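# below is the structure, and that's it, no one-letter string:
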């Protein structure tokens, strides 16, 4: 008897083993009431691990299940079939399923305040507010404070009886803080709330929030904004007590001119109102003035006119604490540097400013032609006071050697020993980025460098390549059909001169033209030498120029070996009869190969092994296949390794039951139950049945791949 008792106990525990796994937690995103979390595990324990108790009667396993409302559930549909206060708690107990959280409310004229569900749920049930006062979710209309005072929204309870009134308890919901303004002024809500109520200012004097309007001091002096109280009677006046709000003044630095204005120094002599807002308008309305304006008694010049204070003209160093070198970006020349340090050793500021040069916004740029007529730098650089601007370009304009893309170099230093700048600029070359690049063919016709380098004035551009091109470089051609092809200058220059190929066979630079293999076979481009006589022919020696490589097919784990096949065949045996090389090649299914296409042209069991039945000769690696399915179903991971270990061959399933690659067709569980796809075996006695509801978890995991039973190489429980 004992011998039969142990196996019997083991059989009794088989259902426990089958369901000793974590089932998926499903999250539903409701339109109006946030997230609802459904946990399979506690429900399966109540139902004795019987999936079909709910599926397919109450919840069909499908992606097209229509949403169910709370009203539907209250009538026994969906969750309401059990959650009816008899079998389980009723659907009216909202927070057991609906996650509640603190709700931020954006108020157009006041910023954000937070409504606390946790606090209110300590006193009320969900149905007390939803849906009578508030619709759950983001669709609630904005309600004004005036409407709340009349009983709408929060005002339904916050009426002074049920809860505190919305009318005079603003700070219980709206957080207030000190407000810092750009002019170092600080408004303290805390200080003012000790004397006034919110309604004394809002919205009579101030519109709260981002719609608030900024007012100038002049507006305030007219009774607006802070000036509504700060009029000298109710509170100190905005007009003469600046320091009571603007607690910190700072020195103002003018970055462009390195000038500094010291508030601290001037406040030792004057009051704020002596300058603001008569001479200076502060803040965003402030206007910048030129030195010429100041000379006309505007801005600083109102006092700095020589009597009240030192004059703005002629005392530059008193405000402008330092000078800096100026870099001029000239479109056709590049950067030109002007040194204040050098010139201040010989001149005073007002020798140039504002007679020769207007500073700041009034500054004007001058051309070289204007300088030659005495304007700008040309006022001194005329050949008498200082070197002339027109004949000494290199003293201001830095010159450098120019390197071109093909390692050709032009030396300014060498040419300036023989020529002046004007000999070339702007007759032959427009200086700077607007200069036009010329081809070697154009130079051979006398353009650009070819104007001098024609064989008489200087060496010819036609046959003396290495005098400018200091080195040759290896060229990589990105050929769409075959990948990158390399051309070696170093190899070819060992046998030929540059002129043997350029510009007769190959045009260089922007004029270069790409040729096809068909063109080369007719003697063009590389084919002019690679014709089978002078050098190997382009027709039958593909791999000498085009690198070949092993091609892995990631999806199927197949590998095509160029190296192996080139030991038996030439490139043109396959290309382009069977395969178009490169990205233009079309992927062919196994069914098409069996009909003689692609690899199947040779792999027909006569020329080479057949594509049918010899899978592992090409597909050396099999891998797990992941089927991405909806959250409500759970993803499936199919293991090739497990099935091969059971004694099956590829041909047992492919292509009878399951089409591989692009021919694969998705099937439903209903199809499998009728013997299609996996159901060919998992529908009869050969393996567990897809019809058995207790076997769902053997394929469908909670999170695809998380279940160790479904990892590649793992064996599902039997």
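Okay, I see it. What you are looking at is a predicted structure, and each value in this text was computed from that prediction instead of being measured. Residues are numbered from 1 along each chain as shown.

# what's the span of stretch 473-487, first residue to last?
With C-alpha to C-alpha, to the nearest Å applied, stretch 473-487 spans 9 Å between its terminal residues.

# and stretch 114-122, by the same measure?
Start to finish, the residues bounding stretch 114-122 are 17 Å apart (C-alpha to C-alpha).

# ditto for stretch 319-335
Stretch 319-335 has an end-to-end distance of 29 Å (C-alpha to C-alpha).

# now swap in stretch 368-381 and tell me
End-to-end span of stretch 368-381 (C-alpha to C-alpha): 11 Å.

# and that stretch, which residues are buried?
By neighbour count on 16 or more other C-beta atoms under 10 Å, the buried set for stretch 368-381 is 368, 371, 376-381. For the C-beta atoms, the positions are set from N, CA and C on the backbone; glycine is no exception.

# how about stretch 643-651?
With burial defined by 16+ other C-beta under 10 Å, the residues of stretch 643-651 counted as buried are 643, 650.

# stretch 566-576 now?
For stretch 566-576, the neighbour count (16+ other C-beta under 10 Å) marks 571, 574-575 as buried.

# can you get me a residue count around residue 38?
15 (other C-beta atoms under 10 Å).

# so what secondary structure elements neighbour whichever helix or strand it is part of?
According to DSSP states H and E, residue 38 maps onto strand 35-39. Applying 3 or more C-beta pairs under 8 Å, 6 or more residues apart in numbering; DSSP states H and E, one finds that strand 35-39 makes contact with strand 25-29.

# what's in contact with the strand it packs on?
Applying C-beta atoms under 8 Å, 6 or more residues apart in numbering, the contact partners of strand 25-29 are 35-41, 631-632, 702.

# and the angle from that strand to strand 35-39?
Per axes from the mean of the first three to the mean of the last three C-alpha atoms, to 10 degrees, the angle that strand 25-29 makes with strand 35-39 is 160 degrees.

# out of the buried residues of stretch 368-381, who's nearest residue 484?
Of all the buried residues of stretch 368-381, residue 484 sits closest to residue 368, with 48.0 Å by C-beta to C-beta.

# next up, the contacts around that closest one.
Counting by C-beta under 8 Å, 6+ apart, residue 368 touches 389-390.

# picking up where we left off before, any idea how far the strand holding residue 38 is from the chain center?
In terms of C-alpha atoms, centre = their mean, to the nearest Å, the centre of strand 35-39 is set 33 Å apart from its chain centre.

# quick check: buried residues in that strand?
Using 16+ other C-beta under 10 Å as the test for burial, strand 35-39 gives no buried residues.

# then stretch 186-199?
Judged by neighbour count (16+ other C-beta under 10 Å), stretch 186-199 contains these buried residues: residue 198.

# how long is that stretch from one end to the other?
End-to-end for stretch 186-199, by C-alpha to C-alpha: 21 Å.

# please state the offset of that stretch from the chain centre?
Relative to the chain's own centre, stretch 186-199 is displaced by 45 Å; criterion: C-alpha atoms, centre = their mean.

# again with stretch 444-461
Relative to its chain's centre, stretch 444-461 lies at 50 Å (C-alpha atoms, centre = their mean).

# correct me, but residue 499 touches residue 462?
Yes: counting by C-beta atoms under 8 Å, residue 499 touches residue 462, with 7.0 Å between them.

# the more surrounded of these two?
A direct count of neighbours by other C-beta under 10 Å for residue 499 and residue 462 places residue 462 higher, at 17 against 12.

# and the residue lying closest to that one once chain neighbours are set aside, how far from residue 461?
Spatial nearest neighbour of residue 462, excluding adjacent residues (C-beta to C-beta, 6 or more residues apart in numbering): residue 444 at 5.5 Å. According to C-beta to C-beta, to the nearest Å, residue 444 stands 6 Å off from residue 461.
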